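>>> generate coordinates for the sequence data below:
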Amino acid sequence: MQWIDEADLAAWAKRLDARVYLPDMIADLIKASVTDVSRFRFPGGDAGQVRGWDGSLETTEGAEFVPAGKSKWEFGSGAGSAKASADYKKRTKKTDAAEMAENTLVLVNL
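Got it, this is the predicted structure:
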């Protein structure tokens with residue numbers, strides 16, 4: 001087994017295809033972290049470029065980077081906090097307040 005460290009991830013994030021494969025990588029990490037999943041939707045590849053949330057998860061079992069309960073996930077690349085802030089504003093504006101109240105928002109940025 002080959003271990004991946006922070007430097008490996010930083011180098012991978014600079015590749016052009018990283019944005020396309022980020023949802024697949026996050027989905028694999030979630031599956032490796034929690035076993036009790038009642039809702040799991042993380043489209044990858046070309047399907048990851050469709051409109052709407054990049055991921056949706058419901059689990060009773062939380063992990064270090066995976067919240068217990070319902071969560072909505074948004075992935076991005078570049079611009080760090082500016083991209084995360086823009087995604088937060090876009091998603092909270094387009095999502096019903098009741099739905100937002102019952103979900104944890106998880107922003108993942110390369």
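>>> show me what contacts Gln2?
Listed by C-beta atoms under 8 Å, 6 or more residues apart in numbering, the contact set of Gln2 is empty. Backbone N, C-alpha and C define where each C-beta goes, glycine included.
>>> where does it land in three-state SS?
For Gln2, the secondary structure call by DSSP: H, G, I helix; E, B strand; the rest coil comes out as coil.
>>> so what's it scoring on pLDDT?
Looking at Gln2, its pLDDT reads 81.
>>> cool, the one 10 residues further on as well?
Looking at Trp12, its pLDDT is 88.
>>> go on, the one 5 residues further on?
At Asp17 the predicted local confidence, pLDDT, stands at 87.
>>> count of residues packed around it?
Neighbour count for Asp17, taken as other C-beta atoms under 10 Å: 8.
>>> that one and Arg39: what is the separation?
Per C-beta to C-beta, to the nearest Å, Asp17 is found 28 Å from Arg39.
>>> brilliant, that's me finished.
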